[in-house]
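Visitor: sharing a model prediction with you, sequence too.
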Amino acid sequence: MFRSDVNSENPAVAAQAQRVESLKSQVGDQERLVDDAKSRVDAEKDRLKALKYQLKGAQQNLKGRKLEAKS
């Protein structure tokens with residue numbers, strides 16, 4: 001599609017060309033939103049993984065302290 005289609009003397013061609021341009025813009029915007037959302041999800045998954053490691057370490061530490069207290 002050419003930019004000249006938007007300026008076409010044929011109203012149907014001009015209208016459809018404007019619709020195409022609008023949809024291209026909307027697709028680009030949505031792709032950026034999806035990419036941003038994926039980045040946020042990945043960051044939250046990393047945070048969850050780190051918290052799980054911390055929890056596991058804390059549980060092991062607790063177990064060790066209980067054993068130490070019994071001695």
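Guide: Here it is on my side, so go on.
Visitor: in the protein, what spans have low per-residue confidence?
Guide: By pLDDT under 70, the weakly predicted segments of the chain are 1.
Visitor: residue boundaries of the helices in it?
Guide: 11-70 (DSSP state H).
Visitor: residues near Val6, how many?
Guide: 16 (other C-beta atoms under 10 Å). Any C-beta I mention is one placed from the backbone N, CA and C, and that applies to glycine too.
Visitor: I'd assumed Ala14 was in contact with it.
Guide: Yes - the pair Val6 / Ala14 is scored as a contact, 5.9 Å apart, by C-beta atoms under 8 Å.
Visitor: how far away is Pro11 from Ala17?
Guide: 11 Å (C-beta to C-beta, to the nearest Å).
Visitor: same check on Ser71?
Guide: 82 Å.
Visitor: got a list of what the nearest residue to Gln18 once chain neighbours are set aside touches?
Guide: The shortest distance from Gln18 to any non-neighbouring residue, by C-beta to C-beta, 6 or more residues apart in numbering, is to Val6 (5.6 Å). Shown in contact with Val6 (C-beta atoms under 8 Å, 6 or more residues apart in numbering): 14, 17-18, 21.
Visitor: now which of the residues you listed would you call buried?
Guide: Using 16 or more other C-beta atoms under 10 Å as the burial test, those include Ala17 as buried.
Visitor: out of the contacts of Val6, who's nearest Asp29?
Guide: Glu21 (12.9 Å; C-beta to C-beta).
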